[in-house]
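S.K.: The following comprises the amino acid sequence and a computationally predicted model.
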Amino acid sequence: MNRVDSFPLGAATTLAELARDPHPRLALLRAHEPVSWLPELDGWLVTRRDLALSVMRDAETFTVDDPRFSTAQVVGPSMLSLDGDQHTRHREPFTSAFRPRTVRDGFASFIERETDRLITTLRPTGTGELRRAFAGPLAVAVVTEALGLVGTTPVTVLDWYDSIVRSVSAITAGHEAEPAGAAAYARLRAAVEATVADRGGSSLLVSAAGRLTLPEVASNAAVLMFGGIETTEAMITNALLHLLRHPGQLALVRADFGLLDGAIEESLRLEPGAAVVDRYATRDTVLGPATIRRGDLVTVSLTGANRDPAVFPDPDRFDIRRENARLQLAFAHGPHYCIAAHLARLETRIALQHLLERLPALRLDPDRPATPYGLVFRKPDTLHVLWDSPA
């Protein structure tokens, strides 16, 4: 039997369905075809948590280092697109800046100030769209602060980010990269070079330049910028949506902000901002029910793995007191575990607490519903909310 006949559920799965409402289809695949061939993906989709871990832990068999990897086509080799010794060489210069205590000491005050500045602007109106007016600007401001690029502002960084993302997305969809992406990356690289030459700028980039070439520093700066904006914006927006959709859970958090950490982990489990990660098989191998050939695309569904009932009972329920929520895989696993996970968690926690404290009776706008959407990155397009404005 060929792959299509052997995996009928995968053959019937569409990318449009996975972008719109993936959870019923992922549950079906996880139960019956936990590693399934999807013709529309032209690759394998892994939905069971134990098998997802096997793929992400084994970089020798399932690598990111492949010419098809779209991000590398735009920004060049980086910690995101390399494995083995080269991956370690690219990643290590940045790791110390993102350790928990360093993150807390270095960023907490800035995040609080920026959060309060954004909320102060919004507060008098009593209504707002919090993805683009709050979560996105906060994520951009924190990335700009973290990178410390000479001669840039959050507006500049966001413009570069948008152009680079469009190019990466075009390549992923099988189209030519947009010229604006290359132009934006050239400006980012020039800013990195100026920052390193200045020596008074970001210690993160300057210290990395002592161990990497300038092009390598620039490519990793682009990866940090991408991850810090895209996934953190989604993390804040999705967590807020989950809380506002569940008044009972929200009441628990309002009564005890110590429960916010659990709420964030549970939101990450239910709707990770990055829904999938791609790997490429370096050799013929067997994974669960599938015989995978060298060169095959193997896509891990973090969304599917995070709702595996073998690990998370009643997996579709939002439960901020779920004891094992931190077993979620939203930050991936193995050598490519998200380097800035601690910063993203800190940013989201501060953002949510300040929103709930400063916007009285914060609630969803019933006339403008919000639903996460996206094949690779999932979040609502907009998150319209209401609150009681000050008298």
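M.R.: Perfect, thanks for sending it.
S.K.: Thr382 in helix, strand or coil?
M.R.: Each residue gets one of three states, and Thr382 gets coil by DSSP: H, G, I helix; E, B strand; the rest coil.
S.K.: Now do the nearest residue to it once chain neighbours are set aside against Gly262, distance only.
M.R.: Nearest residue to Thr382, sequence neighbours excluded (CB to CB, 6 or more residues apart in numbering): Glu129, at 5.1 Å. For every residue, glycine as well, the C-beta is placed using N, CA and C. Per CB to CB, to the nearest Å, Glu129 is found 27 Å from Gly262.
S.K.: give the contact list for Val64.
M.R.: For Val64, the contact set (CB atoms under 8 Å, 6 or more residues apart in numbering) comprises 80-83, 278-280, 336.
S.K.: Apply 10 Å and report the result again.
M.R.: 71-72, 78-83, 87, 277-280, 335-336 (CB atoms under 10 Å, 6 or more residues apart in numbering).
S.K.: Out of these, which sit inside helices?
M.R.: 71-72, 87 (DSSP state H).
S.K.: now, among these, which is nearest to Val142?
M.R.: Lowest distance from Val142 to the ones in helices among the contacts of Val64 (CB to CB) belongs to Thr71, with 20.6 Å.
S.K.: burial measure for that closest one, as a count.
M.R.: 23 (other CB atoms under 10 Å).
S.K.: you'd agree it is up against Ile171?
M.R.: Yes. Using CB atoms under 10 Å, Thr71 makes contact with Ile171 at a distance of 8.6 Å.
S.K.: For the stretch 251-391 of the chain, which segments are assigned as strands?
M.R.: With DSSP state E, counting those that start in this stretch, the ranges of strands along the stretch 251-391 of the chain come out as 276-281, 285-287, 290-292, 297-301, 363-364, 372-373, 379-380, 384-386.
S.K.: Flag every buried residue along the third one.
M.R.: By neighbour count, and taking 16 or more other CB atoms under 10 Å as the criterion, the buried residues in strand 290-292 are 290, 292.
S.K.: do the same with the second one
M.R.: Using 16+ other CB under 10 Å as the burial criterion, the residues of strand 285-287 that qualify are 285, 287.
S.K.: how about the strands in the stretch 101-250 of the chain?
M.R.: 127-129.
S.K.: give the contact list for the spatially closest residue to Asn220 that is not a sequence neighbour.
M.R.: Nearest in space to Asn220, with sequence neighbours left out and distances taken as CB to CB, 6+ apart, is Ser78 at 4.8 Å. Residues counted as contacts of Ser78 (CB under 10 Å, 6+ apart) are 64, 69, 71-72, 86-87, 90-91, 212, 215-224, 226.
S.K.: What subset of those residues is buried?
M.R.: Judged by 16+ other CB under 10 Å, buried ones among those: 64, 69, 71-72, 87, 90-91, 212, 216-224, 226.
S.K.: Can you tell me which of those end up in helices?
M.R.: Short answer: the buried ones among the contacts of Ser78 in helices (DSSP H) are 71-72, 87, 90-91, 216-224, 226.
S.K.: now the end-to-end length of stretch 87-107.
M.R.: End-to-end distance for stretch 87-107: 26 Å, by CA to CA, to the nearest Å.
S.K.: Buried ones in that stretch, by neighbour count?
M.R.: Buried residues in stretch 87-107 (16+ other CB under 10 Å): 87, 90-91, 93-94, 97-98, 103, 106-107.
S.K.: Let me know the closest of these to Ala183.
M.R.: His90 (23.9 Å).
S.K.: What does the nearest residue to the closest one once chain neighbours are set aside show for phi and psi?
M.R.: Once flanking residues are discounted, His90 sits nearest to Met79: 4.1 Å by CB to CB, 6+ apart. Phi and psi for Met79, reported as degrees, to the nearest 10, are phi -60, psi -20.
S.K.: quick one: low-confidence parts of this protein?
M.R.: 1, 199-202, 391 (pLDDT under 70).
S.K.: Geometric centre of it: which residue is closest?
M.R.: With distances taken as CA atoms, centre = their mean, Thr231 lies nearest the centre of the chain, 3.0 Å away.
S.K.: pretty sure it is touching Val277, no?
M.R.: No. Contact criterion CB under 10 Å: Thr231 and Val277 do not qualify, at 11.6 Å.
S.K.: circling back to that earlier point, would you report which members of the buried residues of stretch 87-107 are assigned to helices?
M.R.: Going by DSSP H, the helices hold 87, 90-91, 93-94, 103, 106-107 from the buried residues of stretch 87-107.
S.K.: ok, back up a step: got the contact list for the residue nearest to His90?
M.R.: With CB under 10 Å, 6+ apart, Met79 has these contacts: 64, 86-95, 216, 219-220, 223-224, 335-336, 339.
S.K.: Show me the helices in the stretch 201-350 of the chain, by range?
M.R.: Secondary structure of the stretch 201-350 of the chain, counting by DSSP state H, counting those that start in this stretch: helices at 203-209, 214-245, 247-255, 260-270, 302-305, 341-358.
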